[in-house]
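Asks: pasting the sequence and the predicted model now:
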Amino acid sequence: MRNLAYLLEDLKDPDLRAQLARQATSTRDQLASLIAEAVEAGELSREVKPPMLARTIEVVLSGSMMVWAFYREGPADTWIRKDFNALLSPYLVTSRRRKPSRRSAAT
């Protein structure tokens with residue numbers, strides 16, 4: 001519901017809208033930086049485009065919060081984490097790909 005309240009206020013108040021835009025840009029930039037670090041660390045696929053995934057994360061998390069407010073099934077953090085994990089799962093690099101296990105290295 002907070003997102004809806006922000007939307008309604010930012011449509012009316014140019015100063016608040018400007019502040020929300022700065023905050024959103026900063027958040028998206030930080031997400032892209034964290035994603036780039038995860039790609040470099042071998043945790044996320046090299047196919048990931050950090051700015052695009054950052055935007056997608058931003059959109060999914062905002063939508064997840066809104067939809068949780070409708071359903072209220074379990075705690076919000078659990079609901080949002082489930083959506084976030086579903087979004088990231090195709091991009092995750094398995095630990096076997098990052099480094100061979102001792103067992104596979106011995107064979």
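Replies: Yes, it's here.
Asks: mind checking the SS state of the spatially most central residue of the chain?
Replies: Nearest to the mean C-alpha position of the chain, by C-alpha atoms, centre = their mean, lies residue 57 at 3.1 Å. In three-state terms, and counting by DSSP: H, G, I helix; E, B strand; the rest coil, residue 57 is helix.
Asks: residue 88 looks like it's in a helix, true?
Replies: Yes. Assignment of residue 88 by three-state DSSP places it within a helix.
Asks: so the residue nearest to the centre of the chain versus residue 70, what's the distance?
Replies: As judged by C-beta to C-beta, to the nearest Å, residue 57 and residue 70 stand 21 Å apart. For the C-beta atoms, the positions are set from N, CA and C on the backbone; glycine is no exception.
Asks: sorry, back to before: pretty sure the residue nearest to the centre of the chain sits against residue 86.
Replies: No. Applying C-beta atoms under 8 Å, one finds residue 57 not in contact with residue 86, separated by 11.6 Å.
Asks: now the helices for this protein?
Replies: Ranges of helices within the chain are 2-12, 14-40, 50-71, 76-88, 95-98, 102-106, based on DSSP state H.
Asks: turn those into a markdown table, columns for mean pLDDT.
Replies: Formatted as a markdown table, these follow (pLDDT from 0 to 100):
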| stretch | mean pLDDT |
| --- | --- |
| helix 2-12 | 69 |
| helix 14-40 | 93 |
| helix 50-71 | 94 |
| helix 76-88 | 96 |
| helix 95-98 | 47 |
| helix 102-106 | 45 |
